[in-house]
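**Q** Have a look at this fold, sequence not included:
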């Protein structure tokens, strides 16, 4: 294949796959459609997308002691004097706290405000926006299981996304026809790190929760809230326009809101 | 194939990419054949999309207020029927002349190592199975051993008609599977 040649791919086939180690995890980017492999038109967009992920890491990392977010947490930096994206994220976190009836609350966490539950999705979505100008049919950014997309894998198709079974993480529990974003929260990947902001206890009521919608940061926050709050919060999400949810209970019961784009449900098994 | 100077990992193109890049045009056209969702959902293990709970009634949840709001749909936790449980992924019994198998490299996944074995007749994939699984003998092996990953296996089969583009929840999980799958496909020249 010569430089600049365009690859026509089959339906649903990503033509470029990139993995980037950032934000303490691996973020993957997939581009779909007719993509020029030499990618004169794509390279700058990809570069910007990857850079924006690293910028988000540098600003919001709670592990890097010199990041603006770490300085805010230590009280060394006034949030009002912080970089614009910090103020944007904190404002969005306030909105997410309100929409989740207080179940997502970065201010309730020990050690100072920690918007990490929102930032990963927000950063992936911001990076995705950099790819809009790349003239591809569709794109997926997957930040450790939180997925932002635009377009489609092929004409007339939806992205088909699997949701990991929280009780057997090498299985899928459901398939989703995705338009927009999906975030999944659960305790199975990192242990019981989710805290109930109302009680201050580390406890969860669901094995996992997935939320779809137009904004991955908010999807992420709502999914986190759901895991802590339990299915009672499903009703609130049902009433949120454009956001839908799918949950797996601690005893493997599955529930979802009425317009959740479920494609198929995996057969449950006895354990 | 000349790639952009960017860091483009050629390894994990995702299942679809894997199949696409290793198939000849004949197979690709075959890919479009059974693209109906019905075909995919008919595979055991991925029961068809039932937004109306089937005949089974969801058992009441104990600890929660069973406040099942009307719009929220519920699925019973266990619906395994013997009929659908019958080995969907085992190799086709016919040892017909054109059937070949290959096993991909042992690849790391969340809890250990696995390898994927692919059977093919001509350019058509007839079986995708976990050829070897080494999880260090931890407790999870009990659940993984007989029956885990069948969903992914079936998706690999279904990839000739439909495809998962990504996984929400634990993106590493399928990566190991796909990496080994790609190796197996390469060995078969697919």
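**A** Noted; the coordinates are in hand. The shown structure was predicted, so the numbers you read here are calculated from the model rather than taken from an experiment.
**Q** tell me the secondary structure for residue A:56?
**A** Put simply, residue A:56 is helix when judged by DSSP: H, G, I helix; E, B strand; the rest coil.
**Q** got any ranges where chain B has weak pLDDT?
**A** For chain B, the stretches flagged by pLDDT under 70 are B:1-97, B:107-114, B:124-163, B:169-182, B:190.
**Q** typo on my end, the stretch 1-150 of chain A
**A** Where the stretch 1-150 of chain A drops to pLDDT under 70, the residues are A:1-15, A:24-25, A:35-39.
**Q** Quick check: the residue of chain A nearest chain B.
**A** Residue of chain A nearest chain B, by Cβ to the nearest Cβ: residue A:164 (3.1 Å). Bear in mind the C-beta positions are built from the backbone N, C-alpha and C, glycine included.
**Q** Need the pLDDT of that residue.
**A** As predicted, residue A:164 sits at a pLDDT of 83.
**Q** any idea how far it is from residue A:55?
**A** Distance of residue A:164 to residue A:55, given as Cβ to Cβ, to the nearest Å: 29 Å.
**Q** sorry, back to before: right, and the residue of chain A closest to chain B touches residue B:168 too?
**A** Yes - using Cβ atoms under 8 Å, residue A:164 is in contact with residue B:168, at 7.0 Å.
**Q** Pull up the overlap in contacts between the two.
**A** Overlap between the neighbourhoods of residue A:164 and residue B:168 consists of A:145, A:184, taking contacts as Cβ atoms under 8 Å, 6 or more residues apart in numbering or on different chains.
**Q** partners of the helix or strand where residue B:120 lies, with directions?
**A** Following DSSP states H and E, one finds residue B:120 within strand B:112-121. Strand B:112-121 sits in its sheet next to strand B:99-103 (antiparallel), strand B:107-109 (antiparallel), strand B:124-134 (antiparallel), going by DSSP bridges.
**Q** Residue A:164 and residue A:55 - which one has more neighbours?
**A** When residue A:164 and residue A:55 are compared on other Cβ atoms under 10 Å in any protein chain shown, the one with more neighbours turns out to be residue A:164, at 30 against 16.
**Q** beta partners for that one?
**A** Under DSSP bridges, the beta-bridge partners of residue A:164 are residue A:172.
**Q** Which stretches in chain A count as helices?
**A** A:43-60, A:68-73, A:84-99, A:116-130, A:216-229, A:234-238 (DSSP state H).
**Q** and the second one, which residues are buried?
**A** So the one you mean is helix A:68-73. Buried positions in helix A:68-73, judged by neighbour count with 16 or more other Cβ atoms under 10 Å in any protein chain shown: A:68, A:69, A:70, A:72, A:73.
**Q** Run through the neighbouring helices and strands of it.
**A** helix A:43-60, helix A:84-99 (3 or more Cβ pairs under 8 Å, 6 or more residues apart in numbering or on different chains; DSSP states H and E).
**Q** If we use 6 Å, what do you get?
**A** Counting contacts by 3 or more Cβ pairs under 6 Å, 6 or more residues apart in numbering or on different chains; DSSP states H and E, helix A:68-73 packs against no other helix or strand.
**Q** Any chance you could list what contacts it?
**A** A:59, A:60, A:62, A:77, A:79, A:82, A:83, A:86, A:112 (Cβ atoms under 6 Å, 6 or more residues apart in numbering or on different chains).
**Q** Equivalent analysis for the fifth one, please.
**A** Judged by Cβ under 6 Å, 6+ apart, the contacts made with helix A:216-229 from elsewhere in the structure are A:92, A:96, A:100, A:103-104, A:117-118, A:121-122, A:124-125, A:146, A:148, A:181, A:183-185, A:194, A:196, A:204, A:206, A:209, A:211, A:213, A:233.
**Q** just checking, residue B:187 touches residue B:104?
**A** No - counting by Cβ atoms under 6 Å, residue B:187 stays clear of residue B:104, with 7.4 Å between them.
**Q** In terms of neighbours, single out the busier of these two.
**A** Neighbour comparison, residue B:187 and residue B:104: the larger count goes to residue B:104, with 24 against 15 (by other Cβ under 10 Å).
**Q** how near is that one to residue A:21?
**A** Counting by Cβ to Cβ, the gap from residue B:104 to residue A:21 is 24 Å.
**Q** same deal with residue A:72?
**A** Distance from residue A:72 to residue A:21, by Cβ to Cβ: 25 Å.
**Q** again with residue A:214
**A** When residue A:214 is compared with residue A:21 (using Cβ to Cβ), they lie 28 Å apart.
**Q** now do residue A:180
**A** Counting by Cβ to Cβ - residue A:180 and residue A:21 are separated by 26 Å.
**Q** who's more crowded, the two?
**A** Between residue A:180 and residue A:21, counting by other Cβ under 10 Å, residue A:180 is the more crowded of the two (20 against 11).
**Q** wait, what's in contact with that one?
**A** Counting by Cβ under 6 Å, 6+ apart, residue A:180 touches residue A:214.
**Q** So for it, what pLDDT did the model give?
**A** 95.
**Q** In TSV: the contacts of helix A:68-73, plus neighbour count.
**A** Converted to TSV, these look like this (neighbours: other Cβ atoms under 10 Å in any protein chain shown):
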residue	neighbour count
A:59	19
A:60	26
A:62	19
A:77	17
A:79	13
A:82	18
A:83	15
A:86	21
A:112	14
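**Q** and those near chain B, which?
**A** Taking Cβ under 6 Å from any Cβ of the partner chain, there is no overlap between the contacts of helix A:68-73 and the neighbourhood of chain B.
**Q** Just flag the most distant two among the residues you listed.
**A** A:83 and A:112 (17.2 Å; Cβ to Cβ).
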